[in-house]
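J.: I'd like to go over a predicted model; first the sequence, then the structure.
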Amino acid sequence: MKVEDNIVKDIKFEGRGCAISQASASMLTEMVMNKSLTSIKELDKDDILENIGLLNLGPARIKCALLSLKVLKMSMVEYYASKDPESAQEIREGSRLY
């Protein structure tokens, strides 16, 4: 993820997995492109599940769908760790998705 002035200017992912995890990651990159980190902090599991159109997934598949969001939130924790520790802690606590 490339961030300039608190805005996501570029984001990519690399990974292997099931169709749900790959589709979710792809859609998430589109969701956050050119958005502020402040607004991305507010994303939650309902936003992801609604965006991919799969609201009735079983527990294992929910984890697949939310994996990319969890990784994104953890990268934001790392980004904020030195700049704004309070925000890093807030994101860390809010990243418990399931």
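T.: Right, received. Where do you want to start? Being a predicted model, the structure only gives us computed values, none of them experimental. Numbering: from 1, shown residues only.
J.: what's the residue nearest to the spatial centre of the chain in contact with, if anything?
T.: Within the chain, the residue whose C-alpha comes closest to the C-alpha centroid is Leu69; the distance, by CA atoms, centre = their mean, is 2.6 Å. With contacts defined as CB atoms under 8 Å, 6 or more residues apart in numbering, Leu69 is in contact with Ser24, Leu28, Leu43, Asp44, Lys45, Ile48, Leu97. Where C-beta positions appear, they are placed from N, C-alpha and C, glycine not excepted.
J.: Go again with 6 Å.
T.: Residues near Leu69 by CB atoms under 6 Å, 6 or more residues apart in numbering: Ile48.
J.: tell me the pLDDT at Ala81?
T.: Taken from the predicted model, the pLDDT recorded for Ala81 is 83.
J.: wouldn't it be in contact with Ser87 here?
T.: No: if you go by CB atoms under 6 Å, Ala81 and Ser87 don't touch, sitting 9.2 Å apart.
J.: Between these two, tell me which one has more neighbours.
T.: Set side by side, Ala81 and Ser87 show unequal neighbour counts under other CB atoms under 10 Å, the larger going to Ser87 at 17 against 14.
J.: For this structure, give me the ranges with low pLDDT.
T.: Flagging of the chain using pLDDT under 70 yields the residue ranges 95-98.
J.: in it, which spans are helices?
T.: Here the chain has its helices, by DSSP state H, at 19-32, 37-41, 45-52, 59-83, 85-94.
J.: Provide the contact partners of the first one at residue level.
T.: If you take CB under 6 Å, 6+ apart as the criterion, helix 19-32 is touched by Val8, Ile11, Phe13, Ile40, Asn51, Ile52, Arg61, Cys64, Ala65, Leu67, Ser68.
J.: buried ones in that helix?
T.: Of all the residues in helix 19-32, those buried under the rule 16 or more other CB atoms under 10 Å are Ile20, Ser21, Gln22, Ala23, Ser24, Ala25, Met27, Leu28, Thr29, Met31, Val32.
J.: Dump those into CSV; add distance to Met74 as well.
T.: CSV is the format used below for these (distance: CB to CB, whole Å):
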residue, distance to Met74
Ile20, 19
Ser21, 15
Gln22, 19
Ala23, 20
Ser24, 15
Ala25, 14
Met27, 18
Leu28, 13
Thr29, 16
Met31, 17
Val32, 14
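J.: No more questions from me, cheers.
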